[in-house]
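1. got a predicted structure plus its sequence, pasted below:
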Amino acid sequence: MAAYITFFAIFFIILFIYKHFRKRTNKVRLPYGDMGLPWIGETVEFYKAQRMNQLYEDFFQPRFKKYGNVFKTKLMGSPTVVVNGTAANKFFMSNEFKLVVSSWPTSSVELMGKNSIMEKQGDSHRCLRGIITSTVNISGLEAMVPRMCNSIQNHMEKNWQNQEEISLYRSTKMLTFTIVLECLFGIGIETEKMFGVFERVLEGVLSPPINFPGTKFSRAKKARSEIEMVLIGEVRRKREAMENGRDEEDGMLFSKLEFFQPRFKKYGNVFKTKVMGSPTVVVNGTAANKFFMSNEFKLVVSSWPTSSVELMGKNSIMEILTVAFVASLHRLSTILGLRLWSQECATQFRNTWRRTGKIVKRSVFIGTKVSRAKKARAEIEKVLNGEVRRKREELEGGKDEEDNMLFSKLVAAFIRGEITEEEVVDNVVLLVFAAHDTTSYAITMTFKMLANHPDCYSRLLKEHEEIASSKRSGEALTFDDVKKMEKATTDIQFEGITIPKDWKIQSRLPLYTIWYGGPRLCAGYQLAKLNILVLVHYVVTRYNWSLVYPDEPILMDPLPFPSKGMPIKISPKSDN
């Protein structure tokens, strides 16, 4: 009897709060739409349409027709406004950190980490973004090409040799996961074992946050903890190596410049000198750079050598906008004129769902996706915590060599006090997921499109065979080889005009599309592109291949994937 009384008491309390909320929100002019059931909203309809890869056709389009280009709903426990159209996207993307901030479902935040860059705003976001983009700029990508070639060839030798049929989607997921850990982070952990753990976390990222044993969210949380333990160990190992002088703060702009490094060690992060006839103060570190850049036109102005000013002109734009323009791109390294120009990348579309309410957030039941995902997250944390400790020890002790790995840069920033250990772990988790799962799907769709357009495939094959013929047996690709894949190799006729051979083809999306989002530009776009180009090269030059199911449907859970894993038949080419 007491249980029934408690149940009805809770029910009426919930009903009262719900009606009070509806009454309060009715006082302002809200968009048209249906908020659905209390707290659940229209989440069930949303997931159903997403699962069948009919999200726009079955969920969004009918509501746009009924309510217009702006409508309200409730998803994952949060009141949500859905907008459609160029103007709306441009408005919200350009007002990030001003009128709006990106927001993710509770399950995503818990599993990716509340300290990851996707949850950061303002200065902390800029700091983390600066560390990440300094690794995937042009010079960083150029250094990655040989390592990436080695990872791809090792993967093919291990998983493709003597096989007549492989799952392209599964294979590329494992490969891109390995590339992220080896080429981007430089973390030496058991990739095959950790791949399964990361997969469990991914299952719960966009699932209901029900932390009950057996659920996806519960398994994902456990896996996350495993990964975190390993990474924290790596961070602490790297930090100790750095602090004890056994390793350099690798990947930093000045770490390999023979002029600056000895002087920083001798005089500290601020020293005076004379360069090109001018008394000069050289500063190092995020805080100093931020101070001087934020005080352009107040305490300091940009300055160039006399010869540059005389030759370029004292009224040139470099004299007027030099530092201000660089600051707007967040690409400053020093006030000396040595700048770290990181490649500006395409933006990754960010859902702006608000966080799930407390009632939903606390409902973590065994057996749900969220429950399993939370367990997987715990496993990941164990692994990553160990890696963080190990890397810290190496960097502090000088046992680790200089490199341009993102993991080393994150740990170096941790040692300097710019970010916390938790931020290192959370951002490794986030970037591994962001890089490997989306890239593997892009690779899969690339081969599907090539199979459906044999004329395009024949031209692509000719291009890559020409590159391969210029290489010695076993010689890896270079960045120059990759750049050849991005330009016109013959005269192209397009809409009545001619694009000459060897001209670059720049496909520039407007800055307000979903792939560009103001300050949240996708930092890894060029890395993903490089991954795709290099893998395509080795596949098409070494194997004959064909799709087993040319009309295989694409499903969503929560990301798109081929329903059968896109199996392909392969056979080695006779000249390999």
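-> Yep, that arrived. Residues are numbered from 1 along each chain as shown.

2. for the stretch 401-550 of the chain, which segments count as strands?
-> 492-494, 497-499, 543-547 (DSSP state E, counting those that start in this stretch).

3. please point out which parts of the longest helix along the chain sit buried.
-> In the chain, taking DSSP state H as the definition, the longest helix is helix 421-452. Residues of helix 421-452 classed as buried: 421-448, 450 (neighbour count, 16 or more other C-beta atoms under 10 Å). Yep, even glycine has a C-beta here, placed from its N, CA and C like the rest.

4. state the pLDDT value of Lys158.
-> We have a pLDDT of 90 for Lys158.

5. what about it, how many residues nearby?
-> Other residues lying near Lys158 total 10 when counted by other C-beta atoms under 10 Å.

6. what about it, helix or strand, and which?
-> Following DSSP states H and E, the helix or strand that holds Lys158 is helix 138-159.

7. so what does that helix touch, helix or strand wise?
-> helix 168-179, helix 479-484, helix 525-542 (3 or more C-beta pairs under 8 Å, 6 or more residues apart in numbering; DSSP states H and E).

8. out of those helices, which is closest to Ser469?
-> Evaluated with C-beta to C-beta, the helices and strands packed on helix 138-159 place helix 525-542 nearest to Ser469, the distance being 9.3 Å.

9. and the closest one with helix 138-159, angle?
-> 40 degrees (axes from the mean of the first three to the mean of the last three C-alpha atoms, to 10 degrees).

10. what does helix 525-542 contact?
-> 136, 141, 144-145, 148-149, 152-153, 156, 172, 175-176, 179, 184, 343, 345-346, 348, 435, 438-439, 442-443, 446-447, 457, 460-461, 464-465, 467-468, 477, 482, 485-486, 545, 572-573, 576 (C-beta atoms under 8 Å, 6 or more residues apart in numbering).

11. can I have the buried ones of the residues you listed as a PyMOL selection?
-> Restricted to buried positions by 16+ other C-beta under 10 Å, the PyMOL selection for these reads:
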select buried, resi 136+141+144+145+148+149+152+156+172+175+176+179+184+343+345+346+348+435+438+439+442+443+446+447+460+464+467+468+477+482+485+545
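
12. can I get the helix or strand harbouring Val109 as CSV, trimmed to CA atoms?
-> Secondary structure from DSSP H and E places Val109 in helix 106-112. Extracted C-alpha coordinates of helix 106-112, given in CSV (Å, rounded to 0.1, in the frame of the first residue of the first chain):
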residue,chain,number,x,y,z
THR,A,106,24.2,13.6,-20.9
SER,A,107,25.4,10.2,-22.1
SER,A,108,27.8,11.9,-24.6
VAL,A,109,29.2,14.2,-22.0
GLU,A,110,29.7,11.4,-19.4
LEU,A,111,31.4,9.1,-21.9
MET,A,112,33.5,11.6,-23.9
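
13. ok, so what distance separates Arg392 from Gly186?
-> Going from Arg392 to Gly186 by C-beta to C-beta, to the nearest Å gives 14 Å.

14. repeat for Asn385
-> Asn385 is 17 Å from Gly186, by C-beta to C-beta.

15. of these two, who's got more company?
-> Asn385 (26 against 22).

16. now Met52: phi and psi?
-> Main-chain dihedrals, Met52, degrees, to the nearest 10: phi -90, psi 10.

17. looking at it, it is touching Pro553, isn't it?
-> No - Met52 lies out of contact with Pro553 (C-beta atoms under 8 Å); the separation is 9.1 Å.

18. quick one, which of the two is more surrounded?
-> Set side by side, Met52 and Pro553 show more neighbours around Met52, with 14 against 10, by other C-beta under 10 Å.

19. can you pull the contacts of the more buried one?
-> Met52 touches Asp58, Leu555, Met556, counting by C-beta under 8 Å, 6+ apart.

20. same thing but 10 Å
-> Asp58, Pro553, Ile554, Leu555, Met556 (C-beta atoms under 10 Å, 6 or more residues apart in numbering).

21. quick check: strands, which of the residues you listed are part of them?
-> The strands, defined by DSSP state E, take in Ile554, Leu555, Met556 from the contacts of Met52.

22. what about the first one, how many neighbours?
-> As a burial measure, Ile554 scores 15 neighbours (other C-beta under 10 Å).

23. contacts only, for it.
-> Per C-beta under 10 Å, 6+ apart, neighbours of Ile554: Met52, Asn53, Tyr441, Thr444, Met445, Lys448, Pro560, Phe561, Pro562, Ser563, Met566.

24. possible to save the residues you listed as CSV with distance to Phe264 and pLDDT?
-> Formatted as CSV, the contacts of Ile554 follow (distance: C-beta to C-beta, whole Å; pLDDT from 0 to 100):
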residue, distance to Phe264, pLDDT
Met52, 58, 78
Asn53, 54, 77
Tyr441, 44, 82
Thr444, 47, 88
Met445, 47, 87
Lys448, 51, 89
Pro560, 48, 78
Phe561, 48, 82
Pro562, 51, 87
Ser563, 56, 86
Met566, 51, 90
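
25. so which of those is the closest to Arg239?
-> Tyr441 (35.0 Å).

26. ok, that closest one - contacts?
-> Tyr169, Thr172, Lys173, Thr176, Ile554, Leu559, Pro560, Phe561, Pro562, Met566.

27. go again with 8 Å.
-> By C-beta under 8 Å, 6+ apart, the neighbours of Tyr441 are Tyr169, Leu559, Pro560, Phe561.

28. can you list the low-confidence ranges for the stretch 401-550 of the chain?
-> 401-404, 483-525 (pLDDT under 70).

29. buried only: go through the contacts of Tyr441 for me.
-> Tyr169, Pro560, Phe561.

30. which strand or helix spans the spatially closest residue to Ala376 that is not a sequence neighbour?
-> Computed as C-beta to C-beta, 6 or more residues apart in numbering, the closest residue to Ala376 that is not its neighbour in sequence is Ala223, at 1.7 Å. Element membership for Ala223, per DSSP H and E: helix 216-243.
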